[in-house]
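what would the 3D arrangement of this be:
(one chain, ligands or ions: 1)
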Amino acid sequence: MRRLAGNAVGILLIILPGFVMSDGPHPAVRSAFGRRSPFLEGHYAPVDGEIEAEGLRVDGSLPGHLRGAFLRNGPNPRFPPRGRYHWFDGDGMVHAVVLDPSDERSPARYRCRYVRTAGFEEEQRAGRSLFPGLLEWPSLSRVVCGGDGYKNSANTAFLWHRGQLWALWEGGRPHRLDPGSLATLDGNPLPPGWRGAFTAHPKIDPRTGEVVFFGYAPVRPYLRLGILDCTGALQAVRDIDLPRSVMLHDFAITPDYAVFLDMPQTFSWGNLLRGRGVFGWRPELGGRLGLVPRRGGEPRWFPVSPGSVFHTLNAWQTGSVVTLVASRMPRFPAEVLSGSVAEPAPEDQPRLWRYDVDLESSRVTEGPLDDPGSEMPRMRDDRIGQPTRFAYTLRTDFRGWRKHDLHLGTTHRLDLPEGWTGGEAVFVPVPSATGEDQGHLLALVQPPADGPAQLWVIEAREFDDEPVARIHLPRRVPAGFHGCWVGG
Ligand SMILES: [Fe+2]
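Modelled structure (predicted):
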């Protein structure tokens, strides 16, 4: 067991003038929110104000190659919600831990900032929440006036491409941020020619530098594929014909295909009328896996068992077989989407799932790769579209991570102590290392009782060991969505 060296660096906090540092929950939201929401309590509870700090205490030793910034996006409502609140609604707050192992005085700094979307700024001026959440009807008056029925919260994930950092939300346009200051620079960085929303999970092809992305919508065209070339120019736009509108959070790519799962996660105005959110689950419609040729040509669709998929790990082609690995639930977690509970029931837990599509025989085989209970699959991103051996997932109860060896079929577990919670693990490879798991995992960790958060640095090849470094942040960080590494 690796022992942590006590490399304590004195803490020097700098609190921005005009912002209040608070160790407790977001007081305005708690006091003004009339109905309870599981997404405003416990580790979901928002924090109050933007802060920054330098000279963070580092226990252990920072690997020398970790020079850059770990970023994590997630919801943090600025004002008490007008109506019912879902986790997906909160204003995007970006948490950045900037690392420089060569700086003895301050090897780690922290900063958090809201993404200044147009809706955020409008609510700032009003001093209150103006937009409905996703459990409510969209603002028809805004739609009639050509605006958005819901606020683009920019709270989900990032794209780091060509030195640009975009904050993403799948219902609208990306926002471009300054990767250093986290200031919002541009609310519409997409080139002309792309209409509609932009997924929270675009894929960068490591061979070509292209960004392959999509947008989905409740009205036609239900699905649209786009490609930005390595200069950021819009290279291709294709409408993809679907029989109905479905929720499509993620996809995957191979060098030749964009890979979609058309699952019966339908839009349901009836559910919205009944206060259950806008999505429905119709397993009788079945599921399909689609291979859309990236360079043109007709998509091919293959029947698969209906399941609910939010995130993919990766896809690749070996001979005539296209493989997709995703995190699959046996059914749509309606209770979670309707906001009545925060996490799926035990029988609905997601698990890593493999689909193999033989292009010659049109035969599909599918099945689980591990026990239920993990989500947010991540991998070495420069293997996107290539055969992948190692996956890293977050336990669905946030109590630790799993490392999956897809070749051996084995799973290593790193569990947190009782009361602690963790976030998605981002893999940072050792530069020039060829081993797929030669690198470190970075993940936010939240101690119990609203204590200050930590950033853990875990050596991927020594996954079961203690983290090689723990960076102590100045206050707690709410549970959030996706992160990325911006190399320095
Ligand atoms: Fe996601």
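
can we go C-alpha only for contacts and neighbour counts from here?
OK.

report the rounded mean pLDDT for stretch 45-57.
Confidence over stretch 45-57 (mean pLDDT, whole number) is 95.

what lies in contact with stretch 239-249?
Contact partners of stretch 239-249, identified using C-alpha atoms under 8 Å, 6 or more residues apart in numbering, comprise 170, 199-201, 216-225, 261-267, 279, 309-311.

where does pLDDT dip in the stretch 301-450 of the chain?
For the stretch 301-450 of the chain, residues meeting the criterion pLDDT under 70 lie at 339-341.

the stretch 151-300 of the chain: strands as residue ranges?
Ranges of strands within the stretch 151-300 of the chain are 157-161, 164-168, 175-177, 184-186, 203-204, 211-216, 223-228, 234-240, 252-253, 257-262, 265-267, 279-281, 287-293, 300-304, based on DSSP state E, counting those that start in this stretch.

where among the ones you listed is average confidence lowest?
Ranked by mean pLDDT, the strands of the stretch 151-300 of the chain bottom out at strand 279-281, with a mean of 86.

sorry, back to before: PyMOL command for the buried members of the contacts of stretch 239-249?
In PyMOL syntax, the buried subset of the contacts of stretch 239-249 is picked out as below (16 or more other C-alpha atoms under 10 Å):
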select buried, resi 170+199+200+201+216+217+221+222+223+224+225+261+262+263+264+265+266+267+279+309+310+311
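
now do stretch 415-427: distance to the chain's middle.
The chain centroid and the centroid of stretch 415-427 are separated by 15 Å under C-alpha atoms, centre = their mean, to the nearest Å.

buried residues in that stretch?
415-416, 420-427.

cool, stretch 357-372 as well?
357-359, 364, 368-370, 372.

now swap in stretch 481-488 and tell me
481-486.

so where's the longest strand in this structure?
Determined from DSSP state E, the single longest strand within the chain is strand 308-318.

next SSE after it?
Per DSSP states H and E, the first helix or strand lying C-terminal to strand 308-318 is strand 321-329.

apart from its neighbours in sequence, what residue is nearest H201?
Distance criterion C-alpha to C-alpha, 6 or more residues apart in numbering; nearest residue to H201, sequence neighbours excluded, is D250 at 5.6 Å.

how about G74?
Nearest one to G74, counting by C-alpha to C-alpha, 6+ apart, is G480 at 4.0 Å.

how about the longest strand of the chain as PDB, C-alpha atoms only?
In PDB, the C-alpha atoms belonging to strand 308-318 read as follows (Å, rounded to 0.1, in the frame of the first residue of the first chain):
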ATOM      1  CA  SER A 308     -32.100   3.000 -21.400                       C
ATOM      2  CA  VAL A 309     -28.700   4.300 -22.300                       C
ATOM      3  CA  PHE A 310     -27.300   7.700 -21.300                       C
ATOM      4  CA  HIS A 311     -23.600   7.200 -21.800                       C
ATOM      5  CA  THR A 312     -21.300   5.200 -24.100                       C
ATOM      6  CA  LEU A 313     -17.800   4.200 -23.500                       C
ATOM      7  CA  ASN A 314     -16.500   3.800 -27.100                       C
ATOM      8  CA  ALA A 315     -17.000   2.000 -30.400                       C
ATOM      9  CA  TRP A 316     -14.600   0.300 -32.800                       C
ATOM     10  CA  GLN A 317     -14.500  -2.000 -35.700                       C
ATOM     11  CA  THR A 318     -12.600  -5.200 -36.000                       C
END
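
returning to that earlier point: okay, the strands of the stretch 151-300 of the chain, which one's buried deepest?
strand 252-253 (a mean of 26; mean count of other C-alpha atoms under 10 Å).

for it, name the packing helices and strands.
When contacts are defined as 3 or more C-alpha pairs under 8 Å, 6 or more residues apart in numbering; DSSP states H and E, strand 252-253 sits against strand 257-262, strand 308-318.

list the strands paired with that strand, with their directions.
strand 257-262 (antiparallel) (DSSP bridges).

how about G367, secondary structure?
Going by DSSP: H, G, I helix; E, B strand; the rest coil, the secondary structure assigned to G367 is strand.

do the same with the one 4 residues further on
Three-state assignment for D371 (three-state DSSP): coil.

I'd say it and R351 touch.
Yes. Contact status for D371 versus R351: in contact at 6.1 Å, counting by C-alpha atoms under 8 Å.

and the residue nearest to H201, how many residues sit next to it?
23 (other C-alpha atoms under 10 Å).

before we move on, the earlier item: pull out the buried positions in the longest strand of the chain.
For strand 308-318, by 16+ other C-alpha under 10 Å, it's 308-317.

all strands of the stretch 351-488 of the chain, in order?
Listed in chain order, the strands of the stretch 351-488 of the chain (DSSP E, counting those that start in this stretch) span 351-358, 364-368, 374-378, 390-395, 400-405, 410-415, 421-422, 426-429, 439-446, 454-459, 469-472, 483-487.

quick one, which of those gets closest to E284.
strand 364-368 (18.6 Å; C-alpha to C-alpha).

note down every partner strand of that closest one and its orientation.
strand 351-358 (antiparallel).
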